[in-house]
Each structure stands twice: as structure tokens, then as C-alpha cells.
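Enquirer: Pasting the sequence and the predicted model now:
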Amino acid sequence: MKREVAIVGGGYAGLPLAHAFAAAGVGVVVLDIDPERVAAVNRGESYVADVPSPALAPLVEAGALAATTDYDAARETDAIVIALPTPLSANREPDLSIVLGAVRKLAERLRPGHLVVLESTTYPGTTRDEVLPLLAAGGLEVGKDFFLGYSPERVDPGRKDWTTKTTPKIVGGITPACTERACELYRRSIDTVLPLSSPETAELTKLLENIFRAVNIALVNELAQLCERMDLDVWEIVEAAETKPFGFMSFKPGPGLGGHCIPIDPFYLTWKAREYGFYTEFI
């Protein structure tokens with residue numbers, strides 16, 4: 001089967017996306033720097049809970065999905081999706097080194113007709129100001145010779161009700177043609193695809209989603225500590241508030257912020273806001 005899509009990064013976001021494409025009949029190759037991950041995928045063995053091995057193995061056996069450490073595999077694909085980590089530096093500033101390192105390798109292999117989509121969570125302006133110059137350095141024109149967009153991953157590991165296939169996908173391209181091409185790609189494997197006006201809009205939408213969770217988790221956990229001191233049942237209070245049919249969204253007390261994105265993403269927006277002379281005090 002022809003490898004139509006290359007997914008750079010075989011982690012908790014990349015592998016479920018690869019599975020969704022392959023299950024829809026789109027040939028996929030996963031590019032990952034970890035040879036153990038690559039070997040596991042090629043054996044049909046999953047290391048991501050959201051993609052059980054029994055669901056992965058038949059796709060590998062059928063030739064619909066494979067993995068490699070060789071970036072040359074991206075040359076002959078029609079589309080390249082980047083799903084790599086965006087951590088913080090020691091100073092709690094955005095660290096795009098992993099993403100941009102991969103983009104530089106891809107730029108050497110970019111050819112006319114390629115579609116490139118960034119899925120990594122990041123600050124508004126990353127796709128246009130950081131990724132685009134690297135890809136265009138070889139002389140290809142975006143929106144004409146190649147296409148570039150941003151479509152954030154919306155993975156909630158462990159969920160059974162919402163999967164990569166059923167969770168709506170938002171897409172913002174550098175040009176209208178870029179948006180159209182990216183939407184066409186995702187519609188082949190995802191039920192609902194929503195075009196947005198720009199990559200910056202999509203980038204900030206993703207940050208809003210995660211920051212919304214962060215501040216509400218913090219709020220309900222702070223309330224839980226107060227309720228303990230006041231000898232009140234926070235669970236009863238939250239459940240009582242849930243009965244209001246408008247103006248309230250329930251969050252439950254827990255161990256605090258965790259996961260790959262929620263504790264990190266607010267700092268991406270705070271850092272970017274300084275460029276505009278704005279301090280995100282509440283966030």
C-alpha cells in the first residue's frame with residue numbers, strides 16, 4: 001500500500017492518529033527517533049493504551065501502517081503531520097527545539113505538492129513565524145508549491161467515548177488553499193473537520209482548551225481544601241451546582257494538574273503575551 005501520510009512522532013498523539021488513518025484505508029508511515037518504538041510498531045505491538053495491540057497488528061500485517069527512523073520515508077508521501085513534544089525550558093519558556101529540529105530535516109525532503117501540518121501544542125504564530133521560514137527556505141512557495149497548516153491534537157488519553165476519529169478536528173492554514181488541503185486530508189479519517197481562519201486562531205484555540213481545564217481544576221481543588229476546613233462535603237456541593245442547567249460546568253476535585261500538556265500550556269501563552277505588553281495575571 002502506498003504511504004500517503006508520514007506522521008512525525010509516534011507518541012500518545014501520533015500513534016492514535018496513524019491508527020485512525022490506517023483504519024480508514026490511508027497508508028501511513030510513522031517516523032520516530034526511538035528504534036524500540038519503531039520495532040514495536042512493526043511487530044504490531046502498541047505501547048500506547050489508546051491503541052490496543054489487537055487493533056494495531058492487523059493494520060501492520062496488511063501493510064497499511066509501518067514505522068521507521070529514516071526521514072527519507074517522508075519524501076514520497078503526500079502529507080506530513082508533525083506530532084512532537086513542546087516542553088518548557090528551565091526558565092519556563094517555550095522550547096520548540098524538538099519540533100524545529102524535525103522541520104529542518106523535513107525541509108531537506110520537501111517537494112512540490114507536499115502538505116505539512118503541525119499538531120504540537122504551541123503559542124500563536126509558531127506555524128507562520130517559525131515553521132514556514134524553514135520550509136520555504138528552499139524556494140518553494142506556500143499555498144502554491146506546498147501547503148502548510150496547524151491542527152492541534154485533541155487527545156484525552158484513556159477516554160472511550162471520544163477518540164481520535166470522533167473528536168472534531170480544527171484546522172487553520174497559512175492560505176485558504178492550505179486550509180482546504182489539510183481539511184481534505186483529515187476528512188479521510190476523522191468524522192468532523194472544522195476549518196478556521198488562520199493557524200494562529202487554531203493555535204490559540206488549543207491553548208484556550210487546555211488553560212480552561214487548568215484554571216478550573218485549580219479552582220475546584222482550592223474549594224476542596226476550604227470545604228475540608230469548613231467541614232463541608234465538596235462533592236455534595238459540586239453535585240448540587242451541577243443541577244443548574246446553565247452557567248456551570250462541573251469539575252471534580254483530584255490530585256492536581258498532570259499529563260503532558262495541562263501544566264505546561266499556560267506558560268506558552270503567558271510567554272507570547274509579553275510580546276504584546278500584556279501580562280496574563282489570571283492565567
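Expert: It's in.
Enquirer: C-alpha from now on. contacts and neighbour counts both.
Expert: Noted.
Enquirer: Buried residues, the lengthiest helix in the chain. List them.
Expert: In terms of residue count, the longest helix belonging to the chain (DSSP state H) is helix 199-230. Buried residues in helix 199-230, defined by neighbour count with 16 or more other C-alpha atoms under 10 Å: 199-207, 210-211, 213-218, 220-221, 224.
Enquirer: Please report the distance of the residue nearest to Ile190 when sequence neighbours are not counted from Ser189.
Expert: Spatial nearest neighbour of Ile190, chain neighbours left out: Lys165 (4.4 Å); criterion: C-alpha to C-alpha, 6 or more residues apart in numbering. Per C-alpha to C-alpha, to the nearest Å, Lys165 is found 6 Å from Ser189.
Enquirer: Could you do Thr166 as well?
Expert: Taking C-alpha to C-alpha, one finds Thr166 at 9 Å from Ser189.
Enquirer: Neighbour count: these two, which is higher?
Expert: Neighbour count, other C-alpha atoms under 10 Å: between Thr166 and Ser189, Ser189 has more, with 22 against 14.
Enquirer: Which residues are in contact with the more buried one?
Expert: Ser189 makes contact with 20-21, 23-24, 165 under the criterion C-alpha atoms under 8 Å, 6 or more residues apart in numbering.
Enquirer: Turn the residues you listed into JSON lines, including distance to Asp156 and secondary structure.
Expert: Output for those, formatted as JSON lines (distance: C-alpha to C-alpha, whole Å; DSSP: H, G, I helix; E, B strand; the rest coil):
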{"residue": "Ala20", "distance to Asp156": "15", "secondary structure": "helix"}
{"residue": "Phe21", "distance to Asp156": "18", "secondary structure": "helix"}
{"residue": "Ala23", "distance to Asp156": "20", "secondary structure": "helix"}
{"residue": "Ala24", "distance to Asp156": "21", "secondary structure": "coil"}
{"residue": "Lys165", "distance to Asp156": "12", "secondary structure": "coil"}
